[in-house]
Structures are given as C-alpha cells and as structure tokens.
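Undergrad: coordinates only, sequence not included:
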C-alpha cells in the first residue's frame, strides 16, 4: 500500500492540490460528536448557546471536555470555572440550529429564538435543557486549560435528561436520532467557509471469547487463560505450560541480554496468535511436550 | 416529549428496564460515540512495540492537537506514555471498517513486550517524524508528540500534537462521504456476551446531512457576520435596501447597549433584532419585510 507523508505545515496550510483547501486537515482529523453548549451570561443571566465538539475524559467522575478558540469572546468572557452548563445533543432536525449557533452573532440576543429552540427548566440548576435535543447533559466547569490557540473546559457531569421514548430503542435506531457530528468545513460557491454535519452509520461487532477474555475489557492474561481452560480450549497441562512461560517471561523481561528471552518471546507470541485467530490445532501442536521443552 | 432526569451514578449502574434485552443498552444512550485510534508506542525498557486502542477528541486545529484519555488500568499505555511524560513520541493509527477484528485485538491483555502487532498480524512501516512505527492497515497514521499530561479522575488526559501524518495514496482526493464511511471507526457501544462480559461494537460515519448555506447565514459562512449577511441579502434581492438600513441602525444601537440591560431601549431592541435575525435565519423574507415595515411605521409614529 503506497503512502504519502505530510508535515504538520502541509496539513495546516490550505492546498490547491485537493478538492477543498481544508481537505487534508479533515482527512487526517476525523469527525467529532457535536452538541449545543448552553450556559448563562454571568452578569445579565441571559442564555448563551454555542456549537461545540466533545472530547471524552473519564467515567469517574463522568466528564468530558470542550474547546473553543481563545478569540471566541462570547465563550471566553462568559464561561468561567465553576459555572453550570448543559451539553444538548440533537439530531438531523437541529442542523440549522447547530449552524446558527456556530455563527458570530451580536452579543446577548435571544439565541433560543433565533435558533428556534425550546427550553425546559432543569430541576437541578438554572441552566435549561433543550426540548429539541433527546439527550441533555448537565455539567459544571471543573477546570480550564489554555493550550495554544484554544481554551479547553473540563466539564463534570452532574445530571442528565433523556427523551423517554429513546429508552427502548436499539442503538441502530438511536444513532439516527442523535448525535450530530462535525464532519468537516468546505469552501462554498461564494468562497465562504461552510461547516458540514453528519450522522453515525453502520455498526460492526467485535469478536468475543475465546478471542479475548470472557469479561471483555480490563481482564488479565491469567484471567483469559483461565477462561480458556475452564471452557476446554486448553488442557490443564497446556494452561500450566503457558503460565510457566508467562511467569518466566515477566521474571526476565528487563534482562535484555538473557538468551532465554528471544525464544520465550517467540513462544508467547505464537501462543497468543494461535488463540486470537482460533488456530486450535496449531496451538495444541506447539504445546505438546516435545515442542514445548 | 417527556424527559427522564437521572444522575451519572444511576447510569454507571447499568440500569435495567422491562422490554430492553441488553443490560448495557440504556447506559450507552447517555454516552456520545467517539472516534477510535490504535496507538503505537515503545516500551521504555525493551523498546518493543505496543499497540493499544482508545478514543480521541479535539483540542485544537492549529497546531492540530488531539486528546487521549488513558485509564490507570491501561498498563502498557501508562508505562509507555504517561511515565515517560511530555515529549514522548507516539503514532495514532486511525482504524478502518476493514480491520474490526484486528482493532479489537489491540485490547487483548497480552504480556508486557508481546506485541499486539505480531498477534494481530498488523504490518508496521517506519514513520517519518517519530520513532514508533506506523500501521499499514490504518488508512491514516498521525505522528505525534505528547505536549500535555494531567491526571484527571481515573484517567490521564494526554494532548498529542500532530507533527506529521501518512495517508494511503489511493484515498487522496476521494470524496469526504466515501472517506468517513471507511475510517476512522468509532467506539459505538458494548453489548453483553453470554458470560456477562462485554462485546465491543464499532461503527463508522453514515450520511453527510445537507449543509446550511446562504441565505440562512452569510455567504462567507463561518467567516461572515450579521452585517455581511445583510449586505448579501440585499445583493441577492432578498432584502430591500431600506429594510437593510433599518437593520443596520438597530445593530449599531444594540452594539452600544448590548451589555447594559438597564438602558431604556434594551428590551425592545433585543426583541426586534432577535426576531429579525430569526426570520433571516429561517429564510422567511416576506415576514421579515412585514416585520421591519411595521417596526419602521411604529418608530415614525
């Protein structure tokens, strides 16, 4: 497969070589989930709304971050540490509203009216949830990080609301309702800059045990091998041999000149390969007493 | 539409509901789907290649920087990236729909030093700007340097500045709609297997939705403002010059008092401008003309 390399400068610079000046940037960047961030002006108390993309942080505490250019005065001057805000997640019906909330409009206008969004009070804070959005995530600004041209807000989730009818829907249906994604920016016929939004598409299932532990995520090598033994993929002897190699490998791992190291690495790699690709005959063959000495 | 209100603690308990067959389904209703990567890093002791999966998000476009969140139990990524700190070089391969199984294999709990690249039959090739190699099976590889790390809850948040990238030549110039259906894959959700464990599901982007353009915003799009928008509407005959003039007057007055709610005209002007821009945004130009005409008559009276 042929590859072409691009430097950071080439990725950043608008290029006439491709269909659009931003083509290369978005080809390497990918699409990000997009929402409407809702908060209040600290002095006037008026509702502020901005379209933003999201970056996941942690599950404990459940948190996400959003970033804005530091030149975005409306955000930088009014969203402060400790402030409550709502991440409102909409779908195809909110494309126009999402675009309008991205435009530079005069300060302090009724942005709910301009975007034709309807709000309901939150039972928890003074920031309303948007009726038009199936999912609203109520947060508090926990940390602010300035990085290069952007200000990054770490948001800790405090409460959430969901349209009741979503509860019973399967993922395949849910992804048609929300979330929107920012796909790219393209140059329009007037040489302007247009943002494009998209929806999630096909879903693919990853393998499960025996191609990995029964538990899935965050298990251990020993746990995986035990699962394989329990389900009859490995005999007691085979399990013992693999664990013997494993323990020895860990013991000599940092001894890079140990002559045992390359052979052990080769054996463990071959064992893991055979399991991961479910080549059971090959696995049993390499674990026979003759081959495993 | 009735909304249910819940806490983060509630959704972390994987709430169940009659009629919902998968115990993880409701939990994932509350979690945005995010793009996945395969990170290539080097063991600090042996130099052996490690591949680990995760999801990333945006930090800024210039310099292009993405954020990773590395769980404290992601031992390889923690050792190879977090303990080495700022300046560590990594490659982020963006996986495609054609390597779903191999992408999952990067999450296997392999012994330290046993490479997921070997186990998953990945093909590695030299990167140009960083030491860790890139992944041939990924259409795009981002060559990155770690520029910021902070501990946050159960994770470390890591900013990776993209100092270069490689792209499959065949893909260059292809339409965006085609590319987003190919890569990157996204961490969509988990469903439950018969042992009570997780089966991960990945997804790719679907349709690009019709993009809002002038006249529901300025011709300059994101680079325009309300004044240029008004001029554009006049140029294209969607707004009468006298209507535009009134709008510009209101704008000038509003800019002077926008941050002074105590001003006498504040409430009226805010209401008028908000309504006028709403009608522009939703392309209701006859209604806009009527509204401005009525307002002008009211002012002259």
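TA: Cool, got the structure. Note that the coordinates shown come from a computational prediction; the quantities given were computed from them, not determined experimentally.
Undergrad: quick check on residue B:277: phi, psi?
TA: phi -70, psi -30 (degrees, to the nearest 10).
Undergrad: residues contacting the residue lying closest to it once chain neighbours are set aside?
TA: Once flanking residues are discounted, residue B:277 sits nearest to residue A:114: 5.2 Å by CB to CB, 6 or more residues apart in numbering or on different chains. Glycine gets a C-beta too; all of them are placed from N, C-alpha and C. Neighbouring residues of residue A:114 by CB atoms under 8 Å, 6 or more residues apart in numbering or on different chains: A:100, A:105, B:274, B:277, B:278, B:281.
Undergrad: so the first one versus residue A:193, what's the distance?
TA: Using CB to CB, to the nearest Å, residue A:100 is found at 15 Å from residue A:193.
Undergrad: neighbour-wise, which of the two wins?
TA: Set side by side, residue A:100 and residue A:193 show more neighbours around residue A:100, with 25 against 16, by other CB atoms under 10 Å in any protein chain shown.
Undergrad: hang on, that one packs against residue B:216?
TA: Yes - if you go by CB atoms under 8 Å, residue A:100 and residue B:216 touch, sitting 7.5 Å apart.
Undergrad: give the residues shared as contacts by the two.
TA: residue B:281.
Undergrad: which element is residue B:156 on?
TA: Residue B:156 is part of strand B:155-168 when elements are defined by DSSP states H and E.
Undergrad: which strands and helices sit next to that strand?
TA: For strand B:155-168, the packing partners by 3 or more CB pairs under 8 Å, 6 or more residues apart in numbering or on different chains; DSSP states H and E come out as strand A:3-7, helix A:8-12, helix A:23-29, strand A:47-59, strand B:64-71, strand B:140-152.
Undergrad: direction included, what does it pair against?
TA: strand A:3-7 (antiparallel), strand B:64-71 (antiparallel), strand B:140-152 (antiparallel) (DSSP bridges).
Undergrad: JSON lines for those strands, including mean pLDDT, mean neighbour count and distance to residue B:126?
TA: What follows is the strands paired with strand B:155-168, written out as JSON lines (pLDDT from 0 to 100; neighbours: other CB atoms under 10 Å in any protein chain shown; distance: least, CB to CB, whole Å):
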{"stretch": "strand A:3-7", "mean pLDDT": "97", "mean neighbour count": "16", "distance to residue B:126": "10"}
{"stretch": "strand B:64-71", "mean pLDDT": "96", "mean neighbour count": "23", "distance to residue B:126": "21"}
{"stretch": "strand B:140-152", "mean pLDDT": "98", "mean neighbour count": "21", "distance to residue B:126": "11"}
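Undergrad: residue boundaries of the helices in the stretch 51-200 of chain A?
TA: A:73-76, A:95-100, A:111-115, A:171-177 (DSSP state H, counting those that start in this stretch).
Undergrad: nearest to residue A:254 among those helices would be which one?
TA: helix A:171-177 (44.0 Å; CB to CB).
Undergrad: so which bits of the closest one are buried?
TA: By 16 or more other CB atoms under 10 Å in any protein chain shown, the buried positions in helix A:171-177 come out as A:171, A:174, A:175, A:177.
Undergrad: need the residues you listed in CSV (columns: distance to chain B and pLDDT).
TA: CSV is the format used below for the buried residues of helix A:171-177 (distance: CB to the nearest CB, whole Å; pLDDT from 0 to 100):
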residue, distance to chain B, pLDDT
A:171, 5, 94
A:174, 6, 96
A:175, 7, 96
A:177, 10, 94
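Undergrad: distance to residue B:102 for the strands paired with strand B:155-168 - can I get that in a markdown table?
TA: Below are those laid out as a markdown table (distance: least, CB to CB, whole Å):
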| stretch | distance to residue B:102 |
| --- | --- |
| strand A:3-7 | 18 |
| strand B:64-71 | 20 |
| strand B:140-152 | 15 |
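Undergrad: so which of those is nearest residue A:64?
TA: Closest among these, using CB to CB: strand B:64-71, at 9.6 Å.
Undergrad: compute the inter-axis angle for that closest one and strand A:47-59.
TA: 50 degrees (axes from the mean of the first three to the mean of the last three CA atoms, to 10 degrees).
Undergrad: give the next helix or strand downstream of strand B:64-71.
TA: In N-to-C order, the element after strand B:64-71 by DSSP H and E is helix B:75-77.
Undergrad: buried residues, that following helix. List them.
TA: For helix B:75-77, using 16+ other CB under 10 Å, the buried residues are B:76, B:77.
Undergrad: quick one: mean pLDDT over it.
TA: For helix B:75-77, the mean per-residue pLDDT is 92.
Undergrad: do stretch B:113-128 as well
TA: Here the average pLDDT along stretch B:113-128 is 97.
Undergrad: again with stretch A:29-43
TA: Stretch A:29-43 comes out at a mean pLDDT of 96.
Undergrad: gap between the two ends of it?
TA: 37 Å (CA to CA, to the nearest Å).
Undergrad: phi, psi for the closest residue to residue A:105 other than its chain neighbours please.
TA: Nearest in space to residue A:105, with sequence neighbours left out and distances taken as CB to CB, 6+ apart, is residue B:226 at 6.2 Å. Backbone torsions of residue B:226, given as degrees, to the nearest 10, read phi -70, psi -40.
Undergrad: which residues does residue B:226 contact?
TA: Per CB under 8 Å, 6+ apart, neighbours of residue B:226: A:104, A:105, A:106, B:218, B:251, B:277.
Undergrad: list the contacts for the closest residue to residue A:3 other than its chain neighbours?
TA: Nearest residue to residue A:3 in three dimensions, chain neighbours excluded: residue B:166, at 4.5 Å (CB to CB, 6+ apart). Residues near residue B:166 by CB under 8 Å, 6+ apart: A:3, A:4, A:5, A:6, B:127, B:128, B:134, B:140, B:141, B:143.
Undergrad: helix, strand or coil: sort out whichever residue of the stretch 101-250 of chain A sits closest to chain B for me.
TA: The stretch 101-250 of chain A approaches chain B most closely through residue A:201 (2.6 Å), counting by CB to the nearest CB. Classification of residue A:201 by DSSP: H, G, I helix; E, B strand; the rest coil places it in strand.
Undergrad: that one reaches residue B:182, doesn't it?
TA: No - with contact defined as CB under 8 Å, residue A:201 does not reach residue B:182; the gap is 10.7 Å.
Undergrad: any residue of stretch A:152-166 up close to chain B?
TA: Yes - judged by CB under 8 Å from any CB of the partner chain, stretch A:152-166 comes into contact with chain B at A:152, A:154, A:157, A:158, A:159, A:160, A:161, A:162, A:163, A:164, A:165, A:166.
Undergrad: list the residues that contact residue B:275.
TA: Counted by CB under 8 Å, 6+ apart, residue B:275 has contacts A:113, B:291.
Undergrad: for it, helix, strand, or coil?
TA: Residue B:275 - assigned by three-state DSSP - is helix.
Undergrad: that one and residue B:101: what is the separation?
TA: For residue B:275 relative to residue B:101 (CB to CB), the value is 56 Å.
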